[in-house]
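Asker: Requesting a structural model of the entry that follows:
(chains A and B)
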Amino acid sequence: MSILVYVEQAAGKIKKTSLEAVSYGYALAAKTGEGAVIAVALGSLAADELAAIGEAGAAKVLHISDERLNAGVIQAHASAVAQAFESIGASTLILAKSSLGDAVAARLAIKLNAGLVSNVVELPRIEGGFVVKRSIYTGKAFADTTITTAKKILAIKKNAVDQKLDGAKAQVESFSVAIPESDFASKISATERATGEVLLPEADIVVSGGRGMKGPENWGMIEDLAKTLGAATGCSKPVSDIGWRPHHEHVGQTGVKVAPTLYIAIGISGAIQHLAGVNSSKCIVVINKDPEAPFFKAADYGIVGDAFEIVPQLTAALKAAQ
Amino acid sequence: MKILVCITHVPDTTSKIQFTANNTKFDSTGVQFIIGPYDDYAMARAVELRDQTGGTLTALNVGEAESDPTLRKALAIGADDAIRVNSFPKDSFFVAQQIAHFAKAGGYELILMGRESIDFNGGMVHGMVGELLGMPSFSPVMKLELEGTTVKMAREIEGGKEHLEAQLPLIAGCQEPIAEWKIPNMRGIMSARTKPLVVVEPVIQETQAEASSYQLPPAKGSVKLVDKDQVSELVRLLKNEAKVL
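Answerer: Residues are numbered from 1 along each chain as shown, chains lettered A, B, ... in the order given. Alright, predicted model coming up:
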């Protein structure tokens, strides 16, 4: 029995959240004594990208280099990963929760007859049953979930474990699969992706702005702060609803749920629906001129004052401290 | 065309989450239940597509009798009839099996639901139903247009979106801005009372991953306020105290 990790790429780069999933698999194998972790990577990937998977904890990487898999063709990815899972006789599949990962995992659960748990926040307990802790009610609670099937799939939330980086080398093996033509029947005609930016769901630091920013023309200072921190930018729902920022930056109950190490909220009052998207953050900083803003109750640190004065000062202070 | 919309019956987004029975059961005292917000988007788009194609629209929920008012609301918004599979929705696998069975029996060509429920947030049911029925499944879908049997969609991905084209039948997990939420009008509310709501028993009992106990996150300590003229102090705290920089 062994652990297989499904690794995702975006435009030829392995996703950071997928590397965390590899490290989660490594930690799980150490706990269960299941031995080496094997990763499966799909599509065209350069040697250094494949090597990164080894550094994160995989002993072996099965590389399915079919370039039709560069894009996230859901059914084709599910068929490919299922074949890898069965060929190595794996017991558990680990993957990072994501737009593509969720869609693929759900189909795999049926294909493999494997019990699936999503939003996993830590390693399972394995004494007297396989019990997984998952985040529920949009981060407002946790549930202990018992998987009763022999095969298991865990879709893990960001920051469930620390990413391992120890320079270990994986054995890369090219792996071929037979994917039915019908899996490619749905066509991806175009992909729009923000380039050269840190992606919001994967970011360790997020800087978000709300209506207190008064208009899209004032986002320069949010971007400067984010750039200084190597952070992704986010926004509140009203801001994306008015069209000041694109929808994929909307953080909250019906938008992106983030779990960064540091979340900085600027000019956001902190409606419960916004808090639902950020309550898994390790540390929250709130900057708001209204001392009664509900966000301060959910924050670790706060500054009451005018964002237009404080944000540039904060950027300058961070630059000075670097 | 026959359209099926699957909806969840979930606590309002502003609900205070608490548990009872030694942390093994959700405490619904004083909690208002709603159609899941993502399901509401699916519902709104389904009504528009039903009107566009002149087909029928069925709303389905896997839940106990307390879900009936939520299904009546779906009927008031515009569903033609409703099905309730009479069981607590035990896990994603269990719910997907019921949906797949009744969707197949009813011959639905387009199955919409929310991208995820807001109670368990699994986001897995649409993909499972897709695999069970051998149909393609897409989520999270933010745009869905129908041209004959071709479905043109936009699916949100990290940092952007993907434009897709697929053929019916298919399944989509929906999110904003696929359509504007529809508020039931008086005529809708009146007609919902007489539209059929059929209660059926679950066809499969098996589960694979049921929740056994619940916990709340540890209480948050109070905020540490930094003076607005001491911004560099915040940097020091983030570095040395919180250790997040």
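
Asker: What is the distance between the helix or strand where B:R84 lies and the centre of its chain?
Answerer: Assigned by DSSP states H and E, B:R84 falls within strand B:81-86. In terms of Cα atoms, centre = their mean, to the nearest Å, the gap separating the centre of strand B:81-86 from the centre of its chain is 16 Å.

Asker: So what touches that strand?
Answerer: Strand B:81-86 is contacted from outside by B:56, B:58-65, B:67-68, B:71-72, B:74-75, B:98, B:102, B:195-202, using Cβ atoms under 8 Å, 6 or more residues apart in numbering or on different chains. Placement of C-beta: from N, CA and C, glycine included.

Asker: at 6 Å what do you get?
Answerer: Taking Cβ atoms under 6 Å, 6 or more residues apart in numbering or on different chains as the criterion, the residues outside strand B:81-86 that touch it are B:58-62, B:67, B:71, B:75, B:98, B:102, B:195-202.

Asker: Neighbours of B:R193, how many?
Answerer: Neighbourhood size, B:R193 [other Cβ atoms under 10 Å in any protein chain shown]: 10.

Asker: show me what contacts A:A80?
Answerer: In this structure, A:A80 makes contact with A:42, A:64, A:177, A:179, judged by Cβ under 6 Å, 6+ apart.

Asker: now A:L154
Answerer: Residues touching A:L154, when contacts are defined by Cβ under 6 Å, 6+ apart, comprise A:94, A:117, A:120.

Asker: mind checking how far the host helix or strand of the second one is from the chain centre?
Answerer: Here A:V117 sits within strand A:115-120, counting by DSSP H and E. Centre-to-centre, strand A:115-120 and its host chain are 14 Å apart (Cα atoms, centre = their mean).

Asker: For that strand, name the packing helices and strands.
Answerer: Packed against strand A:115-120 by the contact rule (3 or more Cβ pairs under 6 Å, 6 or more residues apart in numbering or on different chains; DSSP states H and E) you find strand A:130-136, strand A:152-156.

Asker: Of those, which is nearest A:K31?
Answerer: Comparing the helices and strands packed on strand A:115-120 against A:K31 with Cβ to Cβ, the closest turns out to be strand A:130-136 (11.2 Å).

Asker: that older thread, and the strand holding A:V117, what's buried?
Answerer: Residues of strand A:115-120 classed as buried by neighbour count (16 or more other Cβ atoms under 10 Å in any protein chain shown): A:115-120.

Asker: Which of those residues sits closest to A:A30?
Answerer: Using Cβ to Cβ as the measure, the one of the buried residues of strand A:115-120 that approaches A:A30 most closely is A:V120, at 16.6 Å.

Asker: That closest one contacts A:I153, doesn't it?
Answerer: No: with contacts counted by Cβ atoms under 6 Å, A:V120 stays clear of A:I153, the gap being 9.9 Å.

Asker: model confidence over the helix or strand harbouring A:A190, on average?
Answerer: Under the criterion of DSSP H and E, A:A190 resides in strand A:187-193. With pLDDT averaged residue by residue, strand A:187-193 scores 91.

Asker: is chain B contacted by that strand?
Answerer: Yes: with Cβ under 6 Å from any Cβ of the partner chain as the measure, strand A:187-193 is seen reaching chain B through A:187-193.

Asker: what about the closest residue to chain A within chain B, helix or strand, and which?
Answerer: Going by Cβ to the nearest Cβ, chain A is nearest to B:G127 of chain B, at 2.5 Å. B:G127 belongs to helix B:125-133 when assigned by DSSP H and E.

Asker: If you compare the directions of that helix and strand A:115-120, what angle comes out?
Answerer: The directions of helix B:125-133 and strand A:115-120 differ by 160 degrees, with axes from the mean of the first three to the mean of the last three Cα atoms, to 10 degrees as the criterion.

Asker: after helix B:125-133, next one along is what?
Answerer: Moving toward the C-terminus from helix B:125-133, the next element (DSSP H and E) is strand B:137-147.

Asker: Now do the buried residues in that next one.
Answerer: In strand B:137-147, the ones that count as buried by 16+ other Cβ under 10 Å are B:137-144, B:146.

Asker: Tell me which two in those are the farthest apart.
Answerer: Farthest pair in these (Cβ to Cβ) is B:P140 and B:L146. Separation: 18.4 Å.

Asker: quick revisit: the contacts of A:L154 into JSON lines, with extra columns for pLDDT?
Answerer: Putting the contacts of A:L154 into JSON lines (pLDDT from 0 to 100) gives the following:
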{"residue": "A:I94", "pLDDT": "98"}
{"residue": "A:V117", "pLDDT": "98"}
{"residue": "A:V120", "pLDDT": "97"}
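
Asker: Okay, helices next: where are they in chain A?
Answerer: Ranges of helices within chain A are A:16-32, A:47-55, A:74-87, A:99-112, A:220-229, A:237-242, A:272-278, A:307-321, based on DSSP state H.

Asker: residue ranges with poor pLDDT in chain A?
Answerer: Low-confidence segments of chain A (pLDDT under 70): A:1, A:196.

Asker: Residue numbers of the stretch 151-300 of chain A in contact with chain B?
Answerer: A:186-194, A:199, A:201, A:248, A:253-254, A:261-262, A:272-273, A:283, A:296, A:299.

Asker: Pull out the buried members of the residues you listed.
Answerer: Of all these considered here, the ones buried according to neighbour count by 16+ other Cβ under 10 Å are A:186, A:188, A:191, A:194, A:199, A:201, A:248, A:253-254, A:261-262, A:272-273, A:283, A:296, A:299.

Asker: Around chain B, which positions in the stretch 1-150 of chain A sit nearby?
Answerer: Where proximity means Cβ under 6 Å from any Cβ, the interface of the stretch 1-150 of chain A facing chain B comprises A:75, A:99, A:102-103, A:106-107, A:109-110, A:115, A:117-119, A:136-138, A:140-149.

Asker: Tally up the residues packed near residue 211, please.
Answerer: Assuming you mean chain A. For A:R211, the number of neighbouring residues by other Cβ under 10 Å comes to 16.

Asker: meant chain B actually
Answerer: Residues contacting B:A211 under the criterion other Cβ under 10 Å number 19.

Asker: What of the one 4 residues further on?
Answerer: Under the neighbour criterion other Cβ under 10 Å, B:Q215 is assigned a count of 13.

Asker: next one: the one 10 residues further on
Answerer: B:L225 has 15 neighbours, counted by other Cβ under 10 Å.

Asker: residues in contact with the closest residue to it other than its chain neighbours?
Answerer: Sequence neighbours aside, A:G302 is the residue nearest to B:L225 in space, at 5.1 Å (criterion: Cβ to Cβ, 6 or more residues apart in numbering or on different chains). A:G302 makes contact with A:286, A:296, B:223, B:225, according to Cβ under 6 Å, 6+ apart.

Asker: Just send those residues back as JSON lines, with distance to A:P238 too.
Answerer: Below are the contacts of A:G302 laid out as JSON lines (distance: Cβ to Cβ, whole Å):
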{"residue": "A:V286", "distance to A:P238": "17"}
{"residue": "A:F296", "distance to A:P238": "19"}
{"residue": "B:V223", "distance to A:P238": "23"}
{"residue": "B:L225", "distance to A:P238": "25"}
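
Asker: Check which helix or strand B:V95 maps to.
Answerer: Per DSSP H and E: helix B:92-106 holds B:V95.

Asker: do that helix and chain A meet?
Answerer: No: against chain A, helix B:92-106 shows no contacts by Cβ under 6 Å from any Cβ, the least distance being 6.7 Å.

Asker: same for that helix, what does it pack against?
Answerer: Using 3+ Cβ pairs under 6 Å, 6+ apart as the test, helix B:92-106 ends up in contact with helix B:125-133.

Asker: Now do the helix it packs on: everything it contacts.
Answerer: With contacts defined as Cβ under 6 Å, 6+ apart, helix B:125-133 is touched by A:103, A:106-107, A:109-110, B:92, B:95-96, B:99-100, B:113, B:137, B:139, B:171, B:173.

Asker: now with 8 Å?
Answerer: By Cβ under 8 Å, 6+ apart, the surrounding residues in contact with helix B:125-133 are A:74, A:78, A:102-107, A:109-111, B:6, B:92-93, B:95-97, B:99-100, B:103-104, B:111, B:113, B:115, B:117, B:135-139, B:169-173.
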